[in-house]
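Enquirer: Quick one, what's the 3D model for this:
(2 chains)
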Amino acid sequence: MAVARCLKDSTRFNLNIVGLSYDALDPGLYATALCDTSWLLPYPSVGEDVFVERLASIYAQTRFDVLIPCLDAELPVLAGLASRLAQWGVKTLLPTSSQLQMRSKDRLPELAKQAGVQCPATQPVLRETFFHQCADSGFRYPFVVKGLFYDAAIVYTVEQGLAAFRRISAEWGLPVLVQTLIPGEEVNLAGIGDGSGGLLGAVMMKKRQLTDKGKAWAGVTIHDEELLAAAQRLVAATRWYGPLEVEAMRGRDNKLYLIEINPRFPAWIYLSAGANRNLPELAVALAMGEKIEKPSPAPAGVMFIRYAWDVIVPLANFESLVVGGQLLTVD
Amino acid sequence: MTRLTLVNRAREKDLACSSDALEVSITNADKLEESKAEINLLESLPEISRLAISASGFVFDPVSGQSYTANDSALAILKALPSDLRQSTHLSEPLPAPLLSILRQQFDAPAALLERDVLEFLGVLRELVR
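Expert: Take a look at the predicted model:
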């Protein structure tokens, strides 16, 4: 929804937004001020053929020009479809499969080393026994347990470790990652890799209020030269193409530690529009092959505070998505 | 006398350096030297110089994203700093005379006591914005 909101705020384009989602209860599907039309997709896990067939069907009806994925889990599938999407005439900013692999959570320390960025020890875990014997692998409680695509928990005991392992593996599969806990404060950077090693339009953000999952509920733009330089080296090392989010910790030792690289815009990306560095708009311009000027990093001191909003949905609208896979609005 | 306070609302902590002229006197030389020794740890001051300070006492650190509110005393010091320490990369002792001169015009306190309070305040500030 944040990407759609940025695009609706665009001063460069007058865009029709085609909203794609996997769940009929995704509120963005019913946000008619943001999405001009809304469609349901099958989860990529049902199989590539089914996914492509449905996407082709939606494309035939909407003729969207640019596709911007916003979920980690759909990136590997769409990266593999880049050439087919190009044949259809759909423009994308998709990293390659090997670029995606380079920043995957289990290979992050390797990339960090290559880019000269510090990174906490990270290890994939397949078995529960790890949590009894973690000291043998150099992990001492507390540490972080993460899913391959999403979710993370700080665990302080064997019991908590086991519970997190079971919950996260059930939802996101194996392996689960464990990562040394870096006490400190999280800083994030959103930007766009130009595919040639350059970073376009960096927006840096410090979380000021967190949800119980550690997600930003309020934040403020910052200007951290060290974070910017680290992100530039990471983008150069991967020759990243497309949106990305660099998550880092400013440790109590005042050093910067790379925590994650997400291959899409973050949920807080509307802050980029608020800071006059509308990154989704920039992504569309880049995808459309328009000439762009590299924007300077966003100014520090622009805040966002999130809130929850109830979207009222006539049952017939919900029905149209559940049954037909397309939102047909009924007043 | 002067109470120097910097409140970090995000952390909901009152990080204060305070002193009372009745309790602290110039004869407490050990404490004074201790404060000076502490402030000598401030080998560089770019962290302080980067702060954006508004007239209302709202202070924003553009690198960490933290914001603070400074009371009148703290604000007086922060506003006095640009002509001295905020332009410096190294803090030498004693505190620059212009800074003390500016503050003495605003606070009725002996110079040594004022200097001690300011040094202590800068020490706390340095810890906050490092």
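Enquirer: Identify the bridge partners of the residue in chain A that chain B sits nearest to.
Expert: As assessed by CB to the nearest CB, chain B sits closest to A:K206 within chain A, at 2.8 Å. C-beta: built from backbone N, CA, C; applies to glycine. Under DSSP bridges, the beta-bridge partners of A:K206 are A:V187, A:V220.
Enquirer: so it makes contact with B:S67?
Expert: No - in this structure A:K206 lies outside contact range of B:S67 using CB atoms under 8 Å: 10.3 Å.
Enquirer: Now the phi/psi pair for A:K91, please.
Expert: When read as degrees, to the nearest 10, the backbone of A:K91 gives phi -90, psi 140.
Enquirer: my guess is A:A267 meets A:A2, correct?
Expert: Yes - contact criterion CB under 8 Å: A:A267 and A:A2 qualify, at 5.8 Å.
Enquirer: Those two - which one has more neighbours?
Expert: A:A2 (21 against 15; other CB atoms under 10 Å in any protein chain shown).
Enquirer: For the more buried one, list the residues it contacts.
Expert: Counting by CB atoms under 8 Å, 6 or more residues apart in numbering or on different chains, A:A2 makes contact with A:265-270.
Enquirer: Please indicate which of those residues are buried?
Expert: Restricting those to buried positions leaves A:265-266, A:268-270, with burial counted as 16 or more other CB atoms under 10 Å in any protein chain shown.
Enquirer: give me every residue that touches the closest residue to A:F131 other than its chain neighbours.
Expert: In space, and not counting its chain neighbours, A:F131 is closest to A:G161: 3.7 Å by CB to CB, 6 or more residues apart in numbering or on different chains. A:G161 is in contact with A:130-131, A:134, A:141, A:145, A:155, counting by CB under 8 Å, 6+ apart.
Enquirer: Quick one: mean pLDDT for the host helix or strand of A:G161?
Expert: Per DSSP states H and E, A:G161 falls inside helix A:158-172. Summarised as a single mean, pLDDT over helix A:158-172 is 94.
Enquirer: which residues in the chain form helices?
Expert: No chain specified, so I'll use chain A. Counting by DSSP state H, one finds helices in chain A at the ranges A:2-8, A:48-62, A:75-80, A:82-88, A:97-102, A:108-115, A:158-172, A:225-238, A:270-274, A:279-287, A:315-324.
Enquirer: not what I meant, chain B
Expert: Taking DSSP H as the test, the helices found in chain B are B:29-39, B:46-49, B:72-80, B:97-106, B:111-129.
Enquirer: Check which helices and strands the fourth one sits against.
Expert: Read it as helix B:97-106. Applying 3 or more CB pairs under 8 Å, 6 or more residues apart in numbering or on different chains; DSSP states H and E, we find helix B:97-106 packed against helix B:72-80, helix B:111-129.
Enquirer: give the contact list for the residue sitting nearest the centre point of chain A.
Expert: Closest to where the C-alpha atoms of chain A average out (CA atoms, centre = their mean) is A:R264, at 3.8 Å. Each residue near A:R264 by CB under 8 Å, 6+ apart is listed here: A:69-72, A:75, A:242-245.
Enquirer: So which of these wins on neighbours?
Expert: Neighbour-wise, the contacts of A:R264 (other CB under 10 Å) top out at A:P243, 29 neighbours.
Enquirer: Hmm, A:I192 and that residue touching each other?
Expert: Yes - applying CB under 8 Å, one finds A:P243 in contact with A:I192, separated by 5.4 Å.
Enquirer: between these two, what contacts are shared?
Expert: Shared contacts of A:P243 and A:I192, counting by CB under 8 Å, 6+ apart, come down to A:93, A:279, A:283.
Enquirer: Return a ChimeraX selection command for the buried portion of the residues you listed.
Expert: Those of the shared contacts of A:P243 and A:I192 that count as buried under 16+ other CB under 10 Å are selected in ChimeraX with:
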select /A:93,279,283
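Enquirer: still on that earlier bit, which one of A:K206 and B:S67 has more residues nearby?
Expert: A:K206 (25 against 18).
Enquirer: Can you pull the residues of the stretch 101-250 of chain A lying near chain B?
Expert: A:185, A:187, A:205-206, A:208, A:219-224, A:250 (CB under 8 Å from any CB of the partner chain).
Enquirer: For A:M102, which residues are in contact?
Expert: Taking CB under 8 Å, 6+ apart as the criterion, A:M102 is in contact with A:110-111, A:237-238.
Enquirer: okay, now A:G301: neighbour count?
Expert: Residue neighbour count, defined by other CB under 10 Å, stands at 16 for A:G301.
Enquirer: OK, contacts around the residue nearest to it when sequence neighbours are not counted?
Expert: Closest residue to A:G301 apart from its sequence neighbours, by CB to CB, 6+ apart: B:F60 at 5.7 Å. Taking CB under 8 Å, 6+ apart as the contact definition, B:F60 lies against A:300-301, B:51-52, B:54, B:66-68.
Enquirer: beta partners of B:F60?
Expert: Beta-bridge pairing for B:F60 (DSSP bridges): B:A52, B:S67.
Enquirer: so where is the chain shaky, pLDDT-wise?
Expert: In the absence of a named chain, chain A is used. A:330-331 (pLDDT under 70).
Enquirer: nope, chain B please
Expert: In chain B (pLDDT under 70), the answer is B:1-46, B:82-96.
Enquirer: mind redoing it with 50?
Expert: In the predicted model, chain B carries pLDDT under 50 at residues B:1-4, B:8-44, B:84, B:87, B:89.
Enquirer: check contacts around the residue of it found nearest chain A.
Expert: In chain B, the residue that lies nearest chain A is B:G65 (2.8 Å; CB to the nearest CB). Neighbour list for B:G65: A:187, A:205-206, A:208, A:219-222, A:300 [criterion: CB under 8 Å, 6+ apart].
Enquirer: what does A:K215 give?
Expert: With contact taken as CB under 8 Å, 6+ apart, A:K215 is in contact with A:A267.
Enquirer: Could you do the one 3 residues further on as well?
Expert: When the contact criterion is CB under 8 Å, 6+ apart, the partners of A:A218 are A:207-209, A:303-306.
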